[in-house]
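>>> need a 3D model of the following:
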Amino acid sequence: MLKAPPPSEVEAATTIQAHWRGFMVRRTRPLEKLQIIYEVRQGLKDHMRVLAEPAQYESLCSDPKQRLRWSECAMALLLRLDSVQGAHADVRDIRKLVTKEVIAFQEIIDSTSKDASSETLTVSKCRCDQKGIKINTRHVFSLTLNQIGSTHLHPFTFSAIMTTNDFPNSEVQKTPSEHLKSLIAKRAEV
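Numbering: from 1, shown residues only. The predicted structure follows:
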């Protein structure tokens with residue numbers, strides 16, 4: 001019988017690495033955890049789609065029981081994400097991103113309230129822009145939707161954050177609602 005020649009050091013190292021990586025993948029089960037994260041994200045998208053309907057948003061603003069129910073749904077999504085532990089570094093990064101999305105959704109739910117005359121939209125926290133860069137300088141303001149001229153404007157359609165860059169010196173004298181109207185008009189032109 002002929003025996004196979006012993007593998008070279010490079011081949012042996014490659015074989016050991018392949019078996020080690022296979023073991024680590026089987027041990028951490030990243031696909032199962034990614035599936036859980038995907039299901040949570042799909043659930044979040046479904047909730048946001050339902051909440052984006054004006055009638056549903058109105059009932060959320062006016063009914064504290066609805067707000068509690070929606071808040072519990074967001075908390076259930078967060079608890080499901082918390083069940084994903086000890087995963088690969090990439091899975092942890094994805095989980096962190098989805099967790100931030102769910103927390104932002106929960107903040108939107110918690111910020112909804114019905115004023116006696118109209119809804120109030122308040123920008124009170126610094127968020128990240130689309131590139132992920134935090135906007136440090138901002139103006140905190142509150143204005144009613146009736147001042148803007150739209151009864152269907154809510155956090156899902158209004159995502160602008162007023163920074164000091166949005167207030168050129170010539171427009172500083174404008175009220176926040178006038179400035180917001182001009183910003184919406186500028187973005188509609190683009």
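>>> show me the strands in the chain, by range?
For the chain, the strands defined by DSSP state E cover 120-123, 141-144.
>>> tell me the domain ranges of the chain?
28-111, 120-189 (automatic domain parsing).
>>> worst average pLDDT in those domains?
Mean pLDDT is lowest for domain 120-189 among the domains of the chain, at a mean of 43.
>>> so where do the helices sit in this structure?
Under the criterion DSSP state H, the chain carries helices at the ranges 9-28, 30-51, 54-62, 64-82, 89-111, 145-148, 176-189.
>>> as a markdown table, these with mean neighbour count would be great.
In this view, the C-beta of every residue, glycine as well, is placed from N, C-alpha and C. Compiled in a markdown table, those are given as follows (neighbours: other C-beta atoms under 10 Å):
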| stretch | mean neighbour count |
| --- | --- |
| helix 9-28 | 10 |
| helix 30-51 | 15 |
| helix 54-62 | 15 |
| helix 64-82 | 15 |
| helix 89-111 | 16 |
| helix 145-148 | 16 |
| helix 176-189 | 14 |
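>>> can you redo these as TSV with distance to Lys3?
Shown next, in TSV, are the helices of the chain (distance: least, C-beta to C-beta, whole Å):
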stretch	distance to Lys3
helix 9-28	16
helix 30-51	39
helix 54-62	73
helix 64-82	53
helix 89-111	42
helix 145-148	82
helix 176-189	74
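>>> any idea how many residues pack against Ala87?
Neighbourhood size, Ala87 [other C-beta atoms under 10 Å]: 19.
>>> for it, what are its contacts?
Contact analysis of Ala87 by C-beta atoms under 8 Å, 6 or more residues apart in numbering lists Thr28, Pro30, Lys33, Arg95.
>>> which one is it nearest to, not counting chain neighbours?
Distances taken as C-beta to C-beta, 6 or more residues apart in numbering put Lys33 closest to Ala87, at 4.7 Å, once the chain neighbours are dropped.
>>> my guess is that neighbour contacts Val91, does it?
Yes: using C-beta atoms under 8 Å, Lys33 is in contact with Val91, at 5.1 Å.
>>> give me the common contacts of those two.
Contacts common to Lys33 and Val91, judged by C-beta under 8 Å, 6+ apart, are Val84.
>>> ok, now which ones touch Leu77?
For Leu77, the contact set (C-beta under 8 Å, 6+ apart) comprises Val40, Gly43, Leu44, His47, Val102.
>>> switch to 6 Å and redo it
Contacts for Leu77 (C-beta atoms under 6 Å, 6 or more residues apart in numbering) come out as Val40, Gly43, Leu44, Val102.
>>> among those, which one sits closest to Arg67?
Arg67 lies nearest to Val102 out of these, by C-beta to C-beta, at 16.2 Å.
>>> how close does that closest one get to Ile16?
With distances taken as C-beta to C-beta, to the nearest Å, Val102 is found 40 Å from Ile16.
>>> same check on Gly43?
41 Å.
>>> if we can go back for a sec, format the contacts of Leu77 as CSV; extra columns: distance to Ala74.
Compiled in CSV, the contacts of Leu77 are given as follows (distance: C-beta to C-beta, whole Å):
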residue, distance to Ala74
Val40, 11
Gly43, 10
Leu44, 8
Val102, 6
